[in-house]
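J.: Prediction below, plus the sequence it came from.
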Amino acid sequence: MSRSPMIARTIPALHRALDGLRLRKATVALVPTMGALHDGHVSLVRLAKRRAKKVVVSIFVNPTQFAPTEDFGSYPRTWKSDVARLAAEDVDLIWNPDVKVMYPDGFATRIVPEGPATAGLEDRFRPHFFGGVATVVGKLFTQVRPDFAMFGEKDYQQLRVITQMARDLDLGVKVTGSRTVRERDGLAMSSRNVYLSPEERQMAPVLYRAMKESVRRLRAGDDTEAAIAGGAEMIVAAGFTLDYFEVRHAETLAPIGSVNDGPMRILVAARLGKTRLIDNVAV
Ligand SMILES: Nc1ncnc2c1ncn2[C@@H]1O[C@H](COP(=O)(O)OP(=O)(O)OP(=O)(O)O)[C@@H](O)[C@H]1O
Ligand SMILES: CC(C)(CO)[C@@H](O)C(=O)[O-]
Ligand code: BAL
């Protein structure tokens, strides 16, 4: 039987709730989210439940990772159904600070990730993004002090950047990636998919199809540049504006020329109307 999760909205309430959860040294897993929960988030919660005794989900739409021109104001907020989904999954605690709790007046610190994992890809189109993500995830880790934290491979570069940050700053948390959950037609689930019109929704799975086609050609021994250019062309031909379609080393995210140089990952970001979608696959 599921029961309602505890909900904390202030730091003292969070610490009181965590003290209760940690009785008898129970392990804790954190699933950071911005809410508008879908089956991708639920898969992270289920993984967290397998790894740790207690599961905390944070719901916080983080203003510092949005540029002023981006969708912070219109980002979907579905609090009631989020709580119902987390209750059905038997989550122990929801951490739901508001902006003033996370960034009190006078807040003046930023964690800025560097190195090859941050270079290019998302950083080229959203230069504010990883600083905002690292700052809030660093705070979430020190607020909750989890043993484990679960992140989706859908945001693959984010996963690499956070893994690096947790290691560099000795945050004592095991960062764990989880595979991308997709709709039946291959579209990666994302809270922003609700922005797509019915026509755009029909076109959106081309991102996945194009990456799979490039993977097929790379595996067949085609030239890397040609295989990647072929995938990119499919996306442009479908009417998207392409931000990037690139192959990188799957662990370091450094540029990589051939399947013989290490594990590869194809990563894509593209815009359709007012919606920006990202996705990636292993080669
Ligand atoms: N389809 C998915 N499969 C697995 N994990 C996912 C999926 N979509 C999101 N996640 C993960 O859920 C966590 C919270 O992500 P977030 O709340 O931003 O949702 P989102 O769907 O990625 O939203 P957005 O559309 O804003 O990118 C992140 O670790 C993210 O990678
Ligand atoms: C990790 C995260 C919760 C930080 O705000 C966000 O970037 C997300 O939902 O992927
Ligand atoms: N899912 C990553 C959060 C963002 O794009 O803002």
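T.: Looks like it arrived, so ask away. Ligands and ions are numbered 1, 2, ... in the order given.

J.: Please count neighbours and contacts with C-alpha atoms only from this point.
T.: Noted.

J.: Can you give me the buried ones in the helix or strand encompassing residue 231?
T.: Remark: residue 231 resides in helix 224-237, with elements defined by DSSP states H and E. Buried residues in helix 224-237, counted by 16 or more other CA atoms under 10 Å: 224, 227, 228, 230, 231, 232, 234, 235.

J.: Run through who's touching that helix.
T.: Residues outside helix 224-237 that contact it (CA atoms under 8 Å, 6 or more residues apart in numbering): 206-207, 210-211, 213-215, 217-218, 242, 245-247, 257-258.

J.: where does this protein come near ligand 1, residue by residue?
T.: 32-35, 40-41, 151-155, 179-182, 188-192 (CA under 6 Å from any ligand atom).

J.: Just the buried residues of these.
T.: 32-35, 40-41, 151-155, 180-182, 188-191.

J.: Check the offset of stretch 8-22 from the chain's centre.
T.: Centroid displacement of stretch 8-22 relative to its chain, using CA atoms, centre = their mean, to the nearest Å, is 25 Å.

J.: would you put the C-alpha positions of it in PDB?
T.: Output of stretch 8-22 as PDB, limited to C-alpha atoms (Å, rounded to 0.1, in the frame of the first residue of the first chain):
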ATOM      1  CA  ALA A   8       9.800  19.500   3.300                       C
ATOM      2  CA  ARG A   9      10.000  23.100   2.200                       C
ATOM      3  CA  THR A  10      12.600  24.600   4.600                       C
ATOM      4  CA  ILE A  11      16.100  23.600   5.500                       C
ATOM      5  CA  PRO A  12      15.200  22.800   9.200                       C
ATOM      6  CA  ALA A  13      12.100  20.700   8.100                       C
ATOM      7  CA  LEU A  14      14.400  18.900   5.600                       C
ATOM      8  CA  HIS A  15      16.900  18.100   8.300                       C
ATOM      9  CA  ARG A  16      14.200  16.900  10.700                       C
ATOM     10  CA  ALA A  17      12.700  14.600   8.100                       C
ATOM     11  CA  LEU A  18      16.200  13.200   7.100                       C
ATOM     12  CA  ASP A  19      17.100  12.600  10.700                       C
ATOM     13  CA  GLY A  20      14.000  10.400  10.900                       C
ATOM     14  CA  LEU A  21      14.800   8.600   7.700                       C
ATOM     15  CA  ARG A  22      18.400   7.900   8.700                       C
END
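
J.: thinking again about what came up before, kindly present the buried residues of helix 224-237 as JSON lines, with separate columns for pLDDT.
T.: Output for these, formatted as JSON lines (pLDDT from 0 to 100):
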{"residue": "224", "pLDDT": "96"}
{"residue": "227", "pLDDT": "97"}
{"residue": "228", "pLDDT": "98"}
{"residue": "230", "pLDDT": "98"}
{"residue": "231", "pLDDT": "98"}
{"residue": "232", "pLDDT": "98"}
{"residue": "234", "pLDDT": "98"}
{"residue": "235", "pLDDT": "98"}
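
J.: Can you name the element that comes right after the helix or strand hosting residue 47?
T.: Under the criterion of DSSP H and E, residue 47 resides in helix 39-51. Scanning forward in sequence from helix 39-51 by DSSP H and E, the next helix or strand is strand 54-59.

J.: Check the spacing between residue 38 and residue 248 real quick.
T.: 28 Å (CA to CA, to the nearest Å).

J.: domain assignment for the chain?
T.: 6-178, 191-282 (automatic domain parsing).

J.: Would you reformat those as a markdown table and include distance to ligand 2?
T.: As requested, the domains of the chain are arranged in a markdown table below (distance: least, CA to the nearest ligand atom, whole Å):
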| stretch | distance to ligand 2 |
| --- | --- |
| domain 6-178 | 4 |
| domain 191-282 | 9 |
